[in-house]
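J.: turn this into a structure:
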Amino acid sequence: KILKKITYRDFGKSLIGAFIGVVSHFAFIEGAHLSEKLSLYRATVLLITAYLLGMIFIYVAGFRKVRKIKILGFIPARITFIYIVSLAVVYFVLFLFGLTEGAGAANIYKQVAAVSIPAIIGASAADLIGKNE
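T.: Below you'll find the model as predicted:
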């Protein structure tokens, strides 16, 4: 029931925004190189920061009112969905450009974390574009 408010349009806007955020200026390549120096702890902090930035962007600094629907009473559904799409897009772009080949799970985790902030900003911006639904 909760996810009925999230539509294919939301998915499309998140997908496009994340691609723009990640691919612009080839941020993903720089992020992949930067990830080599990241610890798993710092990568986790980056992922949490990306989620929080997306939450602020969508619910606080947005250009339109977005109703806050929660899953399990405390997880904001819209930003969680956008966040997951963003991370999937980051992984997909890294995969497309061959940056995940031969990388272990820990390295892929760090690569995705390193590019998560531009992706969530792009996806959040794309979400706010369009009609007030």
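J.: residues in contact with Y91?
T.: Contacts of Y91 were listed using C-beta atoms under 8 Å, 6 or more residues apart in numbering, and they are T100, I108, V112. Where C-beta positions appear, they are placed from N, C-alpha and C, glycine not excepted.
J.: export those to CSV and append columns for neighbour count.
T.: Shown next, in CSV, are the contacts of Y91 (neighbours: other C-beta atoms under 10 Å):
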residue, neighbour count
T100, 18
I108, 18
V112, 27
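J.: list the buried ones in the top helix by length along the chain?
T.: Criterion DSSP state H: the longest helix present in the chain is helix 105-128. Neighbour counts over helix 105-128 (16 or more other C-beta atoms under 10 Å) mark 107-128 as buried.
J.: pretty sure P118 is touching F26, no?
T.: No - using C-beta atoms under 8 Å, P118 makes no contact with F26, being 10.7 Å away.
J.: what about the strands in this protein?
T.: 70-71, 75-76 (DSSP state E).
J.: hmm, back to that, what is the nearest of the contacts of Y91 to P76?
T.: Relative to P76, the closest of the contacts of Y91 is V112; by C-beta to C-beta it sits at 20.7 Å.
J.: next, the contact list for that closest one, please.
T.: L47, L87, V90, Y91, L94.
J.: try it again at 6 Å.
T.: V112 makes contacts with L87, V90, Y91, as judged by C-beta atoms under 6 Å, 6 or more residues apart in numbering.
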